[in-house]
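Enquirer: Sequence plus the predicted model coming up.
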Amino acid sequence: MANISRPKIAERRILGFSRNVFFLGWASCLTDISSEMTITTLPLFLANVLKVQTPVIGLIEGIAESTATLLKLISGWLSDKLGRRKALTVTGYSLSALAKPFLYLANAWPVVLGLRFTDRVGKGIRTSPRDALVADSTPLNEMGKSFGLHRTLDTFGAVIGLGLAALIVFFLQRANLELTRHTYQTLVLAAAVPAILAVLLIIALVNEPRRAAADARSVEASRPASPTPFSRRFKLFLAVMVIFTLGNSSDAFLILRAQNLGSSVLHILIILTLFNVIYSLVSLPAGLLSDRFGRRGAIAIGWSIYALIYLGFAIASARWQVWLLYVLYGLYYGATEGVAKAFVADLIPANRRGTGYGLYNGAVGVTVLPASVIAGWLWQAFSPAAPFYFGAALAGIAGFGLIFLLGER
């Protein structure tokens, strides 16, 4: 019988994308639908149903996000060590999918903490190996395109999830100001379906790329061997990302600023949906442009937009201005999030991608905590505008560092 070689998974295309990239994008879309319905509304469940105080809600979120950040570092390194990305990706998505349905039974905040912790363990395990899997499955000249598609589908899931949550809330409790237990339990049951489908999609349709093919798609593969695992440019990129992120506090401060300027809860939900629509529409074109014209310029333009947005939030005085600023904020996210991850793939060797993405995700995640503490202090000590002036200034500094320190690739 003739020996017929199987085609490499990265060469099998769907709508111009590798199968892995295409189906990982849809898995992220399904997972985000589930998360927007359950995790985004979880603080309301804690406050309205379980009557949990704000400091405890903050504690739950702090523990959950810190856990995810730490595990992104470990899981990325482990995926390099094992030479396997898919197993860790499936494990991470599975943990999150299993944890969410149990929120239906939650009757006390320690139970919620345990389930939220498990969900974030899943996110921490999957994120860096999944990003490395996308990079391993992509030709070098299409990194921006692939990560752009992934961000587009992920954000599209947020739009669908927010829309479905709003419909369920509308039909079950109409104009009630507080979330009811029955409504939240319905959200949890509905959200379980896309979460489980995401896991099945990855198991059935995503394959582990051949390492030799992945290695050949690294910029570093064509360069002389380095005595250190990561280049100076990658380390400088992490440094400027930390500077930028130090001024990029939690988006909760944007929501508070919108409320401070007179936006109602309903208006804020509509604004967030609009933001995600813009983010989704811009991500893929931004990735394609970065493949053609370079990543540094795209990121620098995005950070410039960010600086203007934060200056806008600082000086805004009317509710209509919030709508405009959130549209621009969607442009910033779409122009930079996927492109930055593609840039990481440009800067590191293929056999260190898991660790590299772990360092990148970890650096951003760790810096968000002090960034939010600083923003909260500036808000209270000076004015609601102060954290936005601070964020705009650091974005400008980081942008100069990106252009003048990293040099051309």
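Expert: Alright, I've got the coordinates.
Enquirer: Which elements pack onto whichever strand or helix holds G362?
Expert: Element membership of G362 [criterion: DSSP states H and E] is helix 353-381. Applying 3 or more CB pairs under 8 Å, 6 or more residues apart in numbering; DSSP states H and E, we find helix 353-381 packed against helix 54-82, helix 109-136, helix 232-246, helix 252-260, helix 319-347, helix 386-406. C-beta coordinates here come from the backbone N, C-alpha and C atoms, glycine included.
Enquirer: avg pLDDT for stretch 357-371?
Expert: What stretch 357-371 shows for mean pLDDT is 82.
Enquirer: Please pull out the lowest mean pLDDT helix or strand from this protein.
Expert: helix 211-216 (a mean of 50; mean pLDDT, DSSP states H and E).
Enquirer: What are the buried residues along the helix holding G362?
Expert: 353-368, 371-372, 374-376, 378-379 (16 or more other CB atoms under 10 Å).
Enquirer: And stretch 298-306, by the same measure?
Expert: Here stretch 298-306 shows 298-303, 305-306 as buried, counting by 16+ other CB under 10 Å.
Enquirer: Report the backbone C-alpha coordinates of stretch 104-113 in PDB.
Expert: The C-alpha atoms that make up stretch 104-113 are tabulated as PDB, following Å, rounded to 0.1, in the frame of the first residue of the first chain:
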ATOM      1  CA  TYR A 104     -26.100  27.800  39.400                       C
ATOM      2  CA  LEU A 105     -25.800  26.300  42.900                       C
ATOM      3  CA  ALA A 106     -23.800  29.100  44.500                       C
ATOM      4  CA  ASN A 107     -25.300  30.300  47.700                       C
ATOM      5  CA  ALA A 108     -22.400  32.000  49.500                       C
ATOM      6  CA  TRP A 109     -19.400  34.100  48.400                       C
ATOM      7  CA  PRO A 110     -16.700  31.500  49.300                       C
ATOM      8  CA  VAL A 111     -18.400  29.100  46.800                       C
ATOM      9  CA  VAL A 112     -18.300  31.800  44.200                       C
ATOM     10  CA  LEU A 113     -14.600  32.500  45.100                       C
END
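Enquirer: quick one, what contacts R352?
Expert: 80, 229-230 (CB atoms under 8 Å, 6 or more residues apart in numbering).
Enquirer: Next one: it from L140, what distance?
Expert: 15 Å (CB to CB, to the nearest Å).
Enquirer: Out of the helices and strands packed on helix 353-381, indicate the one that is most buried.
Expert: Comparing the helices and strands packed on helix 353-381 by mean neighbour count (mean count of other CB atoms under 10 Å), helix 109-136 ranks first with a mean of 24.
Enquirer: For the helix or strand that that helix is followed by, enumerate the helices and strands it packs against.
Expert: Remark: after helix 109-136, the chain's next helix or strand is helix 143-173, criterion DSSP H and E. Using 3+ CB pairs under 8 Å, 6+ apart, the elements in contact with helix 143-173 are strand 17-18, helix 19-38, helix 109-136, helix 181-205, helix 265-293, helix 319-347.
Enquirer: which one of the ones you listed lies closest to A165?
Expert: helix 19-38 (4.7 Å; CB to CB).
Enquirer: CA atoms of the closest one as CSV?
Expert: C-alpha atoms of helix 19-38 as CSV (Å, rounded to 0.1, in the frame of the first residue of the first chain):
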residue,chain,number,x,y,z
ARG,A,19,-7.5,25.4,10.3
ASN,A,20,-6.0,25.8,13.7
VAL,A,21,-6.3,29.5,13.7
PHE,A,22,-9.8,29.4,12.3
PHE,A,23,-11.2,27.0,14.9
LEU,A,24,-9.2,28.4,17.8
GLY,A,25,-10.8,31.8,16.9
TRP,A,26,-14.3,30.3,17.0
ALA,A,27,-13.5,28.5,20.3
SER,A,28,-12.5,31.8,21.8
CYS,A,29,-15.8,33.3,20.4
LEU,A,30,-17.9,30.6,22.1
THR,A,31,-16.0,30.9,25.4
ASP,A,32,-16.4,34.7,25.4
ILE,A,33,-20.2,34.4,24.8
SER,A,34,-20.3,32.2,27.9
SER,A,35,-18.1,34.5,30.0
GLU,A,36,-20.0,37.7,29.1
MET,A,37,-23.2,36.0,30.3
THR,A,38,-21.8,34.7,33.6
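Enquirer: Could you check how far that helix is from the centre of its chain?
Expert: 12 Å (CA atoms, centre = their mean, to the nearest Å).
Enquirer: Export the helices and strands packed on helix 143-173 to CSV and append columns for distance to F45 and mean pLDDT.
Expert: Compiled in CSV, the helices and strands packed on helix 143-173 are given as follows (distance: least, CB to CB, whole Å; pLDDT from 0 to 100):
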stretch, distance to F45, mean pLDDT
strand 17-18, 37, 90
helix 19-38, 9, 94
helix 109-136, 8, 92
helix 181-205, 5, 95
helix 265-293, 15, 84
helix 319-347, 25, 88
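Enquirer: what's the closest of the ones you listed to L44?
Expert: The closest of these to L44 is helix 181-205. By CB to CB, the value is 7.7 Å.
Enquirer: Tell me who's in contact with the closest residue to G62 other than its chain neighbours.
Expert: Leaving aside its sequence neighbours, G62 sits nearest to L369 (CB to CB, 6 or more residues apart in numbering; 7.5 Å). The contact partners of L369, by CB under 8 Å, 6+ apart, come to 62, 65-66.
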